[in-house]
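> Need coordinates for the following:
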Amino acid sequence: MEKILCAAQGNLGTRITFQFQERYNFHHGMSGAGGAIRVERARKPRATHGFKLNRQNIKQRVRVPLKAAAETEAHVHTISKDPMLANYVPVYVMLPLGVVTNDNVLEDRARLERQLKELHAAGVDGVMVDVWWGIVESKGPQRYDWSAYRTLFQMVQDCRLKLQVIMSFHQCGGNVGDSILIPLPKWVLEVGKLDPDIFYTNYKGIRSKEYLSLGVDNQPLFHGRTAIELYTDYMQSFSDNMEDFLESELMIDIEVGLGPAGELRYPSYTTNLGWVFPGIGEFQCYDKYLKADFKEAASKVGHPEWGLPDNAGESNDVPESTEFFKSGGTYQTEKGNFFLTWYSNKLLTHGDAILDEANNVFRGCKVKLAAKVAGIHWWYKTESHAAELTSGYYNLHHRDGYRPIARMLSRHSAILNFTCLEMTNHEQPDDAQSGVQELVQQVLSGGWMENLEVAGENALARYDREAYNQLILNARPNGINKGGHPKLKMYGVTYLRLSDELMGQRNFNMFKEFVRKLHADQDYCPDPERYFHFTVPMERSKPKIPLEVLLEATKPLEPYPWYKETDMSLSDVTGFLDYIIAIILRIFKLKKIIDPFQKGVEQCMERNGWCICNVMVGAAVVALE
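Modelled structure (predicted):
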């Protein structure tokens, strides 16, 4: 046992001292508690001047000249004394889905403030939050109320955390992990009562109200506005009302919701409509707008007789039980290929159009855009990849369905955010034919091949060592480089999600060690430039990439190689030691002798080296004296 405990030498003492300093010497008071209020303007350490145009309320900010690459590198070398910081992967934590309630007030402000301070003390770099369309514009067209979110943003800033913001144009409720219901704005749903075809529709005519059908992207059905204009006006209002937070560089990226669950996909699998894992899902293109679009597309290629699939089965079927997805089925015919190409291309043009508007809105801001791709890993190891196809990802062994998305994102310099990073193949049921590890490797590799920044998150809440180690592996697939930049490194990892279970003592101790490992065993770094994250003023999107050029990226390429396991793993011993330390801290804190104990830790480290046995016993003696 003594050998096991003493194995913590090398970084434990630094970690203990760092955690003490951050947790117990953090002082920043906040006034008030409770509901949404209008807060003071955020601090502006770097002013950015601009002017507004009356036409469509589009704001154009004056561009700040970009630094030359050589100057940037020289700057980094002067501020980064430790080359290990090049391996640092920042960690963010998703806030609860209902942190702002349906009534547009901040839920349990005092409790949230305590939790944010705990996250900061643990070395977490920032948090992610959904900014719900159904809450902000609930009172009527273009009647926006940002007050609760301004309160939240100020709290995040006061707690010295960064912020990832999601423009959540989807409904909360109906997907795995959705614990509350936040529908689309009521006035939008009223439009849907008169014209239900504004919603995605399956072959049987069942509508999904999670997200507006991309078939109405350019249809002026919403009091004279198109769906894309709804999204654009919302983002413009956000930009106007959060200008001070943007200028203070609180936000590191703005993820633009492009579909259900904020992901660029169709709502092919929805639990509240009866889907059960690992069902193949259903195509969602039977509203009148998409049906008309397909008919026109088929006529242009000389096949007006072609219709949408009527043999793709139901949501919970398996591939081989359907005529469409079985071996030798419709998906392998000329007609099937045409449909799947059309179906997936509509997603590409949908995402491209909305990101183009987002880029125009936030042009000049020192922030990045991001877009999320879903992790449809079930049936990945079958010939047809049925669940991916119904979601809109035309991915087969001879056709890459994800790299075209990455290439589209590259024109907007957007971050590709992927999910299910914590999963391994052996955890999945055999009948799901899952290839989650291969899928993650394929999608991340495709993003890097298209010169994108790639980020990711876990799909399910996990608190165990195996899940954390898999996340770390995917964040640095070829491990760390003690001399500088690793071969591959994710831009950031966002952990799902802040909860009482996460903040429980044992789980949180393990989580803190996970953060430490993603930071490459470095202390929390408040300056992103020191780990080579440079955010420059957003420039206008590059010229539109022709569809045929995007589809050139469907040619499969070998993904980058992955280590079998991470070289910065969490150990069971470390989790146990942190747990014991936390218990001792709690006892000493109750006895109001935490400061002497901390002093004892520091003294005993000097006298006894790094052996945790000597440190803890010696510190206790000093404290109790």
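> what number of residues lie near Asn451?
The tally of other residues near Asn451 (other CB atoms under 10 Å) stands at 10. Bear in mind the C-beta positions are built from the backbone N, C-alpha and C, glycine included.
> cool, and Asn345?
Considering only other CB under 10 Å, Asn345 is surrounded by 17 other residues.
> now it, nearest residue through space, not along the chain?
Computed as CB to CB, 6 or more residues apart in numbering, the closest residue to Asn345 that is not its neighbour in sequence is Leu547, at 6.3 Å.
> Contacts only, for the one you found.
The neighbourhood of Leu547, defined by CB atoms under 8 Å, 6 or more residues apart in numbering, consists of Asn345, Leu348, Thr349.
> Reformat the residues you listed as TSV; add distance to Gln157, secondary structure and pLDDT.
Listed next are these as TSV, based on distance: CB to CB, whole Å; DSSP: H, G, I helix; E, B strand; the rest coil; pLDDT from 0 to 100:
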residue	distance to Gln157	secondary structure	pLDDT
Asn345	41	helix	98
Leu348	36	helix	98
Thr349	37	helix	98
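> closest to Thr322 among the residues you listed?
Within the set of the contacts of Leu547, Asn345 lies nearest Thr322; the separation is 22.6 Å, counting by CB to CB.
> Any figure for the gap between Phe245 and Glu383?
Here the distance between Phe245 and Glu383 works out to 49 Å (CB to CB, to the nearest Å).
> Val165 too?
In this structure, Val165 and Glu383 are separated by 40 Å, where distance is defined by CB to CB.
> Counting neighbours, go ahead and name the busier of those two.
Per other CB under 10 Å, whichever of Val165 and Glu383 has more neighbours is Val165, with 25 against 18.
> If I follow the layout properly, Ser344 ends up in contact with Ser391?
No: under the criterion of CB atoms under 8 Å, Ser344 makes no contact with Ser391, lying 9.4 Å away.
> which of those two has more neighbours?
Set side by side, Ser344 and Ser391 show more neighbours around Ser391, with 30 against 23, by other CB under 10 Å.
> so what pLDDT did that one get?
Predicted confidence (pLDDT) for Ser391: 98.
> From the chain's centroid, how far away is stretch 297-317?
When distances are taken as CA atoms, centre = their mean, to the nearest Å, stretch 297-317 is centred 33 Å away from the chain's centroid.
> What residues sit buried inside that stretch?
Taking 16 or more other CB atoms under 10 Å as the neighbour-count basis, stretch 297-317 is seen to contain the buried residues Ala297, Ala298, Trp306, Leu308, Pro309, Ala312, Gly313, Glu314, Ser315, Asn316, Asp317.
> Quick one: end-to-end length of that stretch, please.
Length of stretch 297-317, first residue to last, CA to CA, to the nearest Å: 29 Å.
> which residues are contacting that stretch?
Stretch 297-317 has contacts (CB under 8 Å, 6+ apart) with 202-203, 268-269, 273-276, 279-283, 285-286, 291, 294-295, 321-325, 330, 335-336, 338-339, 342, 390.
> ditto for stretch 400-411
Contact partners of stretch 400-411, identified using CB under 8 Å, 6+ apart, comprise 264, 344, 347-348, 351-352, 355, 371, 373, 385, 388, 393-395, 415-416, 442-443, 446-447, 449-452, 541-545, 549-551, 553-557.
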